[in-house]
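In: A structural model of the following input is requested.
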Amino acid sequence: MATWNLTDDTWSRIEKGDLCRVELGWANASVETVVLGEVDTLNRSVDGRDIKHTLSGVDETESALKVRAQPRTWKDKRPDQIASDLVSSVGLSAQTEPAGSPISGTWSVTTDKTVSSWLDDLLQLAANKTGVEWEWFSSAGQIHFIPRSSKASDAPKLSRSGMLTSIGKKSDTKDDTEGQLKFEAMCEPRITKGAAVAVDTEKFSGAYRVSNYEFVSSSVSGDHYVEGTLTPISADYSIN
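Out: Numbers count the residues shown, from 1 in each chain. Presented below is the predicted three-dimensional model:
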């Protein structure tokens, strides 16, 4: 990540090992985390008349889920409620959908498995209670715990009259899922890995999920957009 012309006071307070959270959004609208990680490199350099400050590191979301769970017990809670509480114990937030009725009685986690393994167990419980397949995935300090059959009725819309700037069939589709699309759109924090989107153009329409994405934002060049790949929700695919 690069930014320009930070004050000396601000720059001096950033150190290696600090947890860095990058939030993205529009004025008077929602702002959400798009990067969460530990700073491992800092650099300051002259860029014309400006000072360029560069921070780099690795997203720590997946690493946080690989730690062993702390012992805890829930009583009469739904699988999605337990999943949300479980990831909060390692500093992550959750976006979930109600996963059927509460689990009758108590349900516990122990230290013999990682947080991600317990999330896998909760997926099976959610499937048993709702009769549909569920999935979880993580990015930018959040986990998503949702049914695989979720549609994009409440998802951000990608249309020519809205935030979409370009869309088309993915050209390099060898060994990839059929029906994937490449897109470019204005920056939107709800566009994250695995997020549902509603495509509404003359040539393409329907419910898709974001298979991968990259935010491009520069106050120097003036480029601010997100690009990535979309996969039909109805397709047989997995998110790694």
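In: now do the contacts for the spatially most distant residue from the centre of the chain.
Out: When distances are taken from the C-alpha mean of the chain, Arg49 lies farthest, 35.6 Å away, according to C-alpha atoms, centre = their mean. If a contact means C-beta atoms under 8 Å, 6 or more residues apart in numbering, then Arg49 has no contacts. All C-beta atoms are positioned from the backbone trio N, CA, C, and that covers glycine.
In: over to Ala69?
Out: In this structure, Ala69 makes contact with 86, 89, 109-111, 113-115, 118, judged by C-beta under 8 Å, 6+ apart.
In: could you do Pro232 as well?
Out: Contacts of Pro232 by C-beta under 8 Å, 6+ apart are 177, 179-180, 206-208.
In: within the helices and strands, which one has Ala127?
Out: Using DSSP states H and E, Ala127 sits within helix 115-130.
In: repeat for Ile103
Out: Following DSSP H and E, there is no helix or strand that holds Ile103.
In: you'd agree Phe137 is in a helix?
Out: No. Counting by DSSP: H, G, I helix; E, B strand; the rest coil, one finds Phe137 to be strand, located in no helix.
In: was I right about Phe145 contacting Leu92?
Out: No. Using C-beta atoms under 8 Å, Phe145 is not in contact with Leu92; the gap is 11.3 Å.
In: look at the two and report which has more neighbours.
Out: Phe145 (26 against 21; other C-beta atoms under 10 Å).
In: what's the pLDDT at the more buried one?
Out: On pLDDT, Phe145 comes in at 88.
In: any idea how far Ser101 is from it?
Out: As judged by C-beta to C-beta, to the nearest Å, Phe145 and Ser101 stand 16 Å apart.
In: how about Thr130?
Out: For Thr130, the distance to Ser101 - C-beta to C-beta - is 9 Å.
In: and stretch 64-72, what's buried?
Out: Residues 64-65, 69 are the ones in stretch 64-72 that count as buried (16 or more other C-beta atoms under 10 Å).
In: mind listing the helices for the protein?
Out: Ranges of helices in the chain, per DSSP state H, are 8-12, 61-64, 79-88, 115-130.
In: indicate which one of these is closest to Val220.
Out: Nearest of the helices of the chain to Val220, taken as C-beta to C-beta: helix 8-12 at 17.8 Å.
In: out of the buried residues of stretch 64-72, which one sits closest to Arg13?
Out: Nearest to Arg13 out of those is Ala64 (C-beta to C-beta; 23.8 Å).
In: hmm, that closest one is touching Ser89, no?
Out: No. Judged on C-beta under 8 Å, Ala64 makes no contact with Ser89 at a distance of 9.7 Å.
In: list residues touching both of those two?
Out: Val115.
In: apart from its neighbours in sequence, what residue is nearest Val199?
Out: The spatial neighbour of Val199 that comes closest, neighbours along the chain excluded (C-beta to C-beta, 6 or more residues apart in numbering), is Leu158 at 5.0 Å.
In: one more: Ile51?
Out: Taking C-beta to C-beta, 6+ apart, and ignoring the residues beside it in sequence, Ile51 has Asn5 as its nearest neighbour in space, at 5.5 Å.
In: what's near enough to touch Gly122?
Out: One correction, residue 122 is Leu, not Gly. Counted by C-beta under 8 Å, 6+ apart, Leu122 has contacts 79-80, 82-83, 86, 99, 136, 145.
In: measure it to Gly17 for me?
Out: For Leu122, the distance to Gly17 equals 32 Å [C-beta to C-beta].
In: and for Lys193?
Out: Distance, Lys193 to Gly17, using C-beta to C-beta: 26 Å.
In: these two: who's more crowded?
Out: Set side by side, Lys193 and Gly17 show more neighbours around Lys193, with 17 against 8, by other C-beta under 10 Å.
In: got the end-to-end distance for stretch 95-113?
Out: Length of stretch 95-113, first residue to last, C-alpha to C-alpha, to the nearest Å: 22 Å.
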